[in-house]
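Asks: Quick one, fold the following:
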Amino acid sequence: MKATAQSLGATVVIDKSRLTVFSELVKARLTFLVLLTTLVGFYVGFRGALDYLLMFHTLLGTALVAGGAAALNQLLERTYDARMRRTEDRPLPSGRLQPDTVLIMGGLCSAIGLVYLAGAVNLLTGLLGAITLVSYLFIYTPLKRVTPLNTAIGAVSGALPPLMGWTAARGEINIEGWSLFAIVFFWQLPHFLAIAWMYREDYAKAGFTMLPMFDPDGRRTSGQAVSHTLGLLPISLCPFMFGLEGGIYLIGALVLSLGFVWQAIRFSRDLTLQRARLLFYASIIYLPLLLGLMVLDKIR
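Replies: Numbering: from 1, shown residues only. Sure, this is the predicted structure:
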């Protein structure tokens, strides 16, 4: 009995370890955010009684593409991840997975996800998924070692999932769908800048050309954080102006966006690690609350 119990305990540990490695490989938290924005884009865009089967197909296909992209991104950046404290324990730098395994897993997930989106949802959503995958892996990823503009390119890739949710629901791209894209695009920039400031030494050690590397006094970094939160303020109100959302959303979006701007201004006045961390926390609170308001106060 004792030997059996020990064996079961060892199995549980192994299973948990495998689950952890898989979760890290597909960047579970990032993939969850991708799915959340896709889901809200679908929900806000869908007319009439919700088609839960279509929603399932959209989320499954998107999850496969996002997870595959995350795995392939880590494959491409494994030598750089090994140089940074925040990423040195990822599956590839730590040796818990081998490159060939990740290439097969990431490639299959991505390919199956794109085919699934095109077949089970619609061709337009599959095309947007392909653009997201290609721009993330073959434009954003290499540009991280070339120019600070990589942040803007990465924000394009990150802002396409809500548009994918919209096209899955509507079968078309229009100004309302672009407004969802723009919200996530502008949100990402101060979010990324806060991270880049907090980990600027790590990024420099790995050879990534983030803005803080060329901005030792932080004026450009904080200035862009402020300008992008200011840009987000009117854009966050577009769903109301386009008749997608009601008054509750309008008030909530205004309050949240003003709070985000204020945190960016505080960061610009006091370029400390604490202020950067507070801006980062504000960003991760802002988006889920704003998306929640979209779901709560949808008009049509």
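
Asks: Please look at Arg85 and Tyr203 and confirm they touch.
Replies: No: checked against CB atoms under 8 Å, the pair Arg85 and Tyr203 is beyond contact range at 11.1 Å. Placement of C-beta: from N, CA and C, glycine included.

Asks: Of those two, give the one with the bigger neighbour count.
Replies: A count of neighbours by other CB atoms under 10 Å puts Tyr203 above the other of Arg85 and Tyr203, at 23 against 10.

Asks: Contacts only, for the more buried one.
Replies: Met84, Ala196, Met210, Pro212, Met213 (CB atoms under 8 Å, 6 or more residues apart in numbering).

Asks: Filter those down to the buried ones and hand me the ChimeraX line.
Replies: Command for ChimeraX that selects the buried part of the contacts of Tyr203, burial taken from 16 or more other CB atoms under 10 Å:
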select :84,196,210,212,213
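
Asks: Ala253: which of the contacts of Tyr203 is nearest?
Replies: Using CB to CB, Ala196 is the member of the contacts of Tyr203 that sits closest to Ala253, with 26.0 Å.

Asks: That closest one should be in a helix, yeah?
Replies: Yes: secondary structure assignment (DSSP: H, G, I helix; E, B strand; the rest coil) places Ala196 inside a helix.

Asks: Can you tell me, leaving aside adjacent residues, what's nearest to it?
Replies: Met210 (4.1 Å; CB to CB, 6 or more residues apart in numbering).

Asks: Phi, psi for that neighbour please.
Replies: The phi/psi pair for Met210 (degrees, to the nearest 10) reads phi -80, psi 150.

Asks: Distance check, it against Lys144.
Replies: Separation of Met210 from Lys144 (CB to CB, to the nearest Å) stands at 8 Å.

Asks: hey, what's in contact with both of those two?
Replies: With CB under 8 Å, 6+ apart as the test, Met210 and Lys144 both reach Asn150.

Asks: Give the helix, strand or coil label for Ile173.
Replies: Following three-state DSSP, Ile173 is assigned to coil.

Asks: quick one: which helix or strand includes the nearest residue to it once chain neighbours are set aside?
Replies: The shortest distance from Ile173 to any non-neighbouring residue, by CB to CB, 6+ apart, is to Thr167 (6.0 Å). Element membership of Thr167, judged by DSSP states H and E, is helix 150-170.

Asks: chain center to that helix, what's the gap?
Replies: Distance, stretch centre to chain centre, for helix 150-170: 9 Å (CA atoms, centre = their mean, to the nearest Å).

Asks: list the contacts for the residue lying closest to Thr87 once chain neighbours are set aside?
Replies: In space, and not counting its chain neighbours, Thr87 is closest to Asp81: 3.9 Å by CB to CB, 6+ apart. Neighbouring residues of Asp81 by CB under 8 Å, 6+ apart: Gln74, Thr87, Glu88, Arg90, Leu92, Pro93, Ala206.

Asks: Now do the helices in the stretch 51-200 of the chain.
Replies: 52-76, 78-81, 99-116, 123-135, 141-143, 150-170, 175-198, 200-206 (DSSP state H, counting those that start in this stretch).

Asks: quick one: average confidence on the first one?
Replies: If you average the pLDDT over helix 52-76, you get 98.

Asks: could you say what helices and strands it packs with?
Replies: helix 2-25, helix 28-45, helix 99-116, helix 123-135, helix 141-143, helix 150-170 (3 or more CB pairs under 8 Å, 6 or more residues apart in numbering; DSSP states H and E).

Asks: if we go to 7 Å?
Replies: Packing contacts for helix 52-76, counted by 3 or more CB pairs under 7 Å, 6 or more residues apart in numbering; DSSP states H and E, involve helix 2-25, helix 28-45, helix 99-116, helix 123-135, helix 150-170.

Asks: If you count neighbours, what's buried in the third one?
Replies: Judged by neighbour count (16+ other CB under 10 Å), helix 99-116 contains these buried residues: Val102, Met105, Gly106, Cys109, Ser110, Gly113, Leu114, Tyr116.

Asks: Run the chain-centre distance for that helix.
Replies: Its chain's C-alpha centre lies 19 Å from the corresponding centre of helix 99-116 when counted by CA atoms, centre = their mean.

Asks: contacting residues around that helix?
Replies: 25, 60-61, 64-65, 67-69, 71-72, 74-75, 78, 92, 126, 129-130, 133 (CB atoms under 7 Å, 6 or more residues apart in numbering).

Asks: Understood, closing this out.
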